[in-house]
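Visitor: Generate a structure from the sequence data that follows.
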Amino acid sequence: MSKIKGCFMEKFFVSTIGGFFSWLIGGWSLLLTVLLILNVLDFLTGMAANWGNINSKRGYQGIIKKGMMWVWIVIANLIYLVLADQGLTVGQVIPDAVVILFILNEIISLSENSAVLGVNVPEPIQRALAIFQKKIEDDKQKKEGEK
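Guide: Residues are numbered from 1 along each chain as shown. Next up is the predicted model:
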């Protein structure tokens, strides 16, 4: 009986922590799945690109950097929740934009790691990155023009 009760408590705590984390990031989405996969791939390719120069301090810094990405996603979601609570309907734009920015950042980092490993970035991905870069520059110019 105590084994069953212990198992129940473990499931209770795991599901409570998981539910709270899910609320913090605004629920799990395809964008977050993509970002998580890219986080892992970037970390692994970064280790491969720096093989022979790997040290624990750099590894920890990489993990902390990835963790900070997720902290900013939480902050973006909390801003969205506050704005929604105040009656401003901005939609999921703020958290999604932050996640997309980090996805692009991870893709750029992956391309840098790939270059070090001697593998060129495929042409379709280069074109997609160029489109994103142009969009970012256009948005920046548009905002400067409004000031």
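Visitor: Tell me the confidence at residue 45?
Guide: Looking at residue 45, its pLDDT reads 91.
Visitor: Please give me every residue in contact with it.
Guide: By CB atoms under 8 Å, 6 or more residues apart in numbering, residue 45 lies in contact with 110, 113, 114, 117. Every residue, glycine included, has its C-beta placed from N, CA and C.
Visitor: Give me the average confidence score over the helix ranked longest in the chain.
Guide: Taking DSSP state H as the criterion, the chain has its longest helix at helix 56-85. Throughout helix 56-85, pLDDT has a mean value of 88.
Visitor: Any buried residues in that helix, and which?
Guide: 62, 66, 69, 70, 73, 74, 76, 77, 80 (16 or more other CB atoms under 10 Å).
Visitor: any idea how far the closest residue to the second one other than its chain neighbours lies from residue 70?
Guide: Which is residue 66. Spatial nearest neighbour of residue 66, excluding adjacent residues (CB to CB, 6 or more residues apart in numbering): residue 39 at 4.9 Å. From residue 39 across to residue 70, the span is 9 Å (CB to CB, to the nearest Å).
Visitor: cool, residue 109 as well?
Guide: 16 Å.
Visitor: what ranges of the chain fall below the confidence cut-off?
Guide: 1-6, 143-144, 146-147 (pLDDT under 70).
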